[in-house]
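Enquirer: quick one: sequence and predicted model below, then my questions.
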Amino acid sequence: MTPAPTPVCTAVVGLQWGDEGKGKIVDRLAAEHHAVVRYNGGANAGHSVVVKGERYALHLIPSGILYPGKLAVIGNGVVVDPDWLLKELDGLSARGVDASGLVLSSRAHVVMPYHKDEDGIREDVLKHAGSQRPVGSGEGQAEIGTTKRGIGPAYAEKVQRATAVRVGDLLRPEALKAKIDLACALKAAMLRDLSGGSHRLDPGAILEHAARAGQRLAPMVRDTTYLLHGLLADGKSILFESANGTLLDVDHGTYPFVTGSSCAVAGIGVGTGVPVQRLSRVVGVMKAYSTRVGSGPLPTELSGAVADRIRTRGREFGTTTGRPRRVGWLDLVAVKYSAMINGATEIAMTLLDVLAGFDELRVCTAYEVDGVRTDRFIPDADLARATPVLESLPGFGEEITACRRLGDLPAPARRYIDFIQAFTGVRVATVSVGPDREQTIDA
Ligand code: GDP
Ligand code: IMO
Ligand code: MG
């Protein structure tokens with residue numbers, strides 16, 4: 001018997017604070033993989049894909065879905081909001097997208113209405129606590145600036161165990177009722193008090209809603225771990241799609257200003273059951289500058305006309321919440337750290353076209369903390385104490401959105417790419433010069 005060929009397994013991860021353009025890169029790579037798998041996060045993600053001028057925003061459904069019938073797997077590590085998932089499915093169906101390849105892990109955890117309520121209420125409480133601090137106390141903001149999609153509370157419930165609802169529970173009315181009743185009993189007083197008395201929980205209504213969603217989702221629910229290992233045994237290739245970014249990873253990001261999951265490559269093992277040594281390729285996606293949504297340090301942050309220009313040209317407004325994204329020069333200390341955490345074998349650089357028209361481009365190659373220079377990233381709130389050491393590189397005047405080969409790019413743009421490769425030690429294998437699938441250079 002001839003053994004099945006060793007399958008190509010590729011991971012696509014964000015090397016910054018999310019929104020690096022993972023959706024575009026995943027969509028492109030999906031063509032050459034049998035299945036696309038989300039392993040972390042939930043509807044906090046917003047992944048944009050543009051095909052022939054048509055823009056799609058995906059939150060829970062893997063970005064490979066735009067290839068008809070493509071196997072698209074939501075792994076056990078994702079926290080699934082059934083309302084968002086069904087809305088997304090209906091939206092795709094209304095646009096004629098064949099999403100029949102979508103499969104959902106029976107062990108993925110469910111984001112319940114009380115998780116979203118708790119997320120919002122906690123943020124309000126933290127914001128109030130922050131505003132009580134004396135001005136100039138140096139303590140910074142207290143609220144995380146979450147997407148209020150219930151992500152943190154749903155992952156916390158998963159770790160607390162007894163009251164957590166998994167997708168499989170949606171199909172078992174009695175178990176579901178017991179869990180919802182218990183969860184409501186435990187949460188009612190806390191949510192009511194924290195909301196100043198206004199919050200009410202109605203376990204009966206929550207149960208009915210969840211069970212109805214379960215009925216619609218039932219045909220998609222599977223044991224995805226055995227499904228994926230079956231594919232591997234047959235020599236089929238798998239593409240793993242990260243949500244959020246390495247600097248938002250709950251362990252390796254700028255804690256506490258992070259999300260609730262393991263966004264880096266290590267999350268693949270946890271969130272799918274496929275061991276990370278099956279990966280043959282790790283594509284780290286970075287944009288040509290920095291952005292961040294929500295609170296937390298961003299050492300190279302810009303304001304004024306330069307920030308406005310980047311924000312407008314890059315459409316830097318959240319795909320999920322519509323919030324304007326904070327923008328800054330490229331922070332290579334951060335990118336190099338993320339490449340190290342993920343073992344990136346190549347870089348895909350996006351949004352280079354946004355930087356056209358600047359006389360000079362600045363990149364951060366070190367930090368100064370209390371007068372001492374360091375080349376190490378600081379993965380917590382202390383990063384706020386770092387002043388960026390910026391190097392200046394020549395800018396490029398001409399628009400590059402029509403370039404399709406490296407040689408088409410102006411010399412300063414190529415120099416920018418070379419600088420990134422030399423600094424990170426990782427090859428820039430893809431350069432994206434516009435949102436569309438076609439606006440891409442294989443370097
Ligand atoms: P993701 O969360 O990592 O998938 O990224 P988002 O989709 O939230 O944000 C990236 C944004 O940049 C989206 O609006 C994309 O359509 C857009 N985009 C991706 N690559 C490029 C590029 O090379 N140039 C430009 N101008 N836009 C891009
Ligand atoms: P994609 O997949 C950008 C940020 C939020 C907030 C923090 C915690 O599109 O790159 P959460 O709701 O997860 O508890 O919020 O993390 N955040 C993202 N920022 N892109 C994302 O996803 C994000 N997912 C979460 O803004 O600061
Ligand atoms: Mg996004």
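Expert: Great, that's in hand. Ligands and ions are numbered 1, 2, ... in the order given.
Enquirer: kindly report the residues of the chain close to ligand 1.
Expert: 14, 18-24, 46-48, 50, 314-315, 319, 350-351, 353-354, 432-435 (CB under 6 Å from any ligand atom). Any C-beta I mention is one placed from the backbone N, CA and C, and that applies to glycine too.
Enquirer: filter those residues to the buried ones?
Expert: 14, 18-24, 46-48, 50, 314, 319, 350-351, 353-354, 432-435 (16 or more other CB atoms under 10 Å).
Enquirer: so the residue nearest to Thr6 when sequence neighbours are not counted versus ligand 3, what's the distance?
Expert: Of all residues not flanking Thr6 in the chain, Gly235 sits nearest, at 7.3 Å (CB to CB, 6 or more residues apart in numbering). Distance of Gly235 to ligand 3, computed by CB to the ion, to the nearest Å: 32 Å.
Enquirer: in three-state terms, label Gly235 for me.
Expert: With DSSP: H, G, I helix; E, B strand; the rest coil as the basis, the three-state label of Gly235 is coil.
Enquirer: so which of the buried ones among the residues of the chain next to ligand 1 also contact ligand 2?
Expert: Gly14, Gly18, Asp19, Gly46, His47, Thr319.
Enquirer: show only the entries of the buried ones among the residues of the chain next to ligand 1 found in helices.
Expert: Lys22, Gly23, Lys24 (DSSP state H).
Enquirer: hang on, isn't the last one packed against Pro435?
Expert: Yes. Counting by CB atoms under 8 Å, Lys24 sits close enough to Pro435 to count as a contact (6.5 Å).
Enquirer: so what's the residue nearest the centre of the chain closest to, chain neighbours aside?
Expert: The centroid of the chain falls nearest to Asn244 when counting by CA atoms, centre = their mean (1.8 Å). Of all residues not flanking Asn244 in the chain, Cys263 sits nearest, at 4.3 Å (CB to CB, 6+ apart).
Enquirer: overlap in contacts of Lys24 and Pro435?
Expert: Common neighbours of Lys24 and Pro435, using CB atoms under 8 Å, 6 or more residues apart in numbering, are Ser48, Val50.
Enquirer: confidence-wise, which helix or strand of the protein is lowest on average?
Expert: Least confident helix or strand of the chain, by mean pLDDT, DSSP states H and E, is helix 113-131 with a mean of 93.
Enquirer: give the buried residues for that helix.
Expert: For helix 113-131, a neighbour-count test (16+ other CB under 10 Å) marks 113-123, 126-127 as buried.
Enquirer: also stretch 318-331?
Expert: Buried residues in stretch 318-331 (16+ other CB under 10 Å): Gly318, Thr319, Thr320, Thr321, Arg325, Arg326, Val327, Gly328, Trp329, Leu330, Asp331.
Enquirer: check contacts around the nearest residue to the second one once chain neighbours are set aside.
Expert: Which is Thr319. Leaving aside its sequence neighbours, Thr319 sits nearest to Gly46 (CB to CB, 6+ apart; 2.8 Å). Gly46 is in contact with Asp19, Ala57, Leu58, His59, Gly318, Thr319, Thr320, Thr321, counting by CB under 8 Å, 6+ apart.
Enquirer: His229: neighbour count?
Expert: 16 (other CB atoms under 10 Å).
Enquirer: my guess is it contacts Gly273, does it?
Expert: Yes. In this structure, His229 is within contact of Gly273 by CB under 8 Å, at 7.4 Å.
Enquirer: related to what we said a few turns ago, including pLDDT, could the ones in helices among the buried ones among the residues of the chain next to ligand 1 go into CSV?
Expert: Shown next, in CSV, are these (pLDDT from 0 to 100):
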residue, pLDDT
Lys22, 98
Gly23, 98
Lys24, 97
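Enquirer: check contacts around the closest residue to ligand 2 within the stretch 1-150 of the chain.
Expert: Closest contact between the stretch 1-150 of the chain and ligand 2, by CB to the nearest ligand atom, is at Gly18 (2.4 Å). Gly18 makes contact with Ala45, Ala243, Asn244, Gly245, Leu248, Arg292, Val293, according to CB under 8 Å, 6+ apart.
Enquirer: and the second one, how many residues sit next to it?
Expert: Summarising burial for Ala243: neighbours were counted as other CB under 10 Å, giving 31.
Enquirer: phi and psi next, for it.
Expert: Main-chain dihedrals, Ala243, degrees, to the nearest 10: phi -100, psi 160.
Enquirer: from what I see, it and Gly42 are in contact.
Expert: Yes. If you go by CB under 8 Å, Ala243 and Gly42 touch, sitting 7.5 Å apart.
Enquirer: now the common contact residues for these two.
Expert: With CB under 8 Å, 6+ apart, Ala243 and Gly42 have common neighbours Val78.
Enquirer: ok, the contacts of Gly18 vs Asp359, which is closest?
Expert: Within the contacts of Gly18, proximity to Asp359 (CB to CB) peaks at Arg292, which comes in at 25.1 Å.
Enquirer: what's the straight distance from one end of stretch 310-323 to the other?
Expert: 15 Å (CA to CA, to the nearest Å).
Enquirer: what of stretch 48-60?
Expert: Criterion CA to CA; first-to-last residue distance in stretch 48-60 is 12 Å.
Enquirer: now it: mean pLDDT?
Expert: The predicted model gives stretch 48-60 an average pLDDT of 95.
Enquirer: swap in stretch 169-181?
Expert: 97.
Enquirer: how about the residues of the stretch 1-150 of the chain by ligand 3?
Expert: Within the stretch 1-150 of the chain, the residues that sit near ligand 3 (CB under 5 Å from the ion) are Asp19, Gly46.
Enquirer: can you map out the strands along the stretch 1-150 of the chain?
Expert: Using DSSP state E, counting those that start in this stretch, the strands found in the stretch 1-150 of the chain span residues 9-14, 35-38, 47-51, 54-58, 71-74, 79-80, 102-105, 109-110.
Enquirer: with the stretch 151-300 of the chain instead?
Expert: Assigned by DSSP E, counting those that start in this stretch, the stretch 151-300 of the chain shows strands spanning 221-222, 238-241, 281-287, 290-292.
Enquirer: got the CA positions of the longest helix along the chain in PDB?
Expert: Secondary structure of the chain per DSSP H: the longest helix is helix 173-194. Extracted C-alpha coordinates of helix 173-194, given in PDB (Å, rounded to 0.1, in the frame of the first residue of the first chain):
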ATOM      1  CA  PRO A 173     -32.900  20.200  25.700                       C
ATOM      2  CA  GLU A 174     -32.800  18.800  29.300                       C
ATOM      3  CA  ALA A 175     -29.100  19.300  29.800                       C
ATOM      4  CA  LEU A 176     -29.400  22.700  28.200                       C
ATOM      5  CA  LYS A 177     -32.200  23.700  30.600                       C
ATOM      6  CA  ALA A 178     -30.300  22.500  33.600                       C
ATOM      7  CA  LYS A 179     -27.200  24.600  32.600                       C
ATOM      8  CA  ILE A 180     -29.100  27.700  31.800                       C
ATOM      9  CA  ASP A 181     -31.100  27.600  35.000                       C
ATOM     10  CA  LEU A 182     -27.900  27.200  37.000                       C
ATOM     11  CA  ALA A 183     -26.000  29.900  35.100                       C
ATOM     12  CA  CYS A 184     -28.900  32.300  35.600                       C
ATOM     13  CA  ALA A 185     -29.200  31.500  39.300                       C
ATOM     14  CA  LEU A 186     -25.400  32.200  39.700                       C
ATOM     15  CA  LYS A 187     -25.400  35.400  37.600                       C
ATOM     16  CA  ALA A 188     -28.700  37.100  38.300                       C
ATOM     17  CA  ALA A 189     -27.600  38.900  41.400                       C
ATOM     18  CA  MET A 190     -24.200  39.900  40.100                       C
ATOM     19  CA  LEU A 191     -25.600  41.400  36.900                       C
ATOM     20  CA  ARG A 192     -28.500  43.100  38.600                       C
ATOM     21  CA  ASP A 193     -26.200  44.800  41.200                       C
ATOM     22  CA  LEU A 194     -23.500  45.800  38.700                       C
END
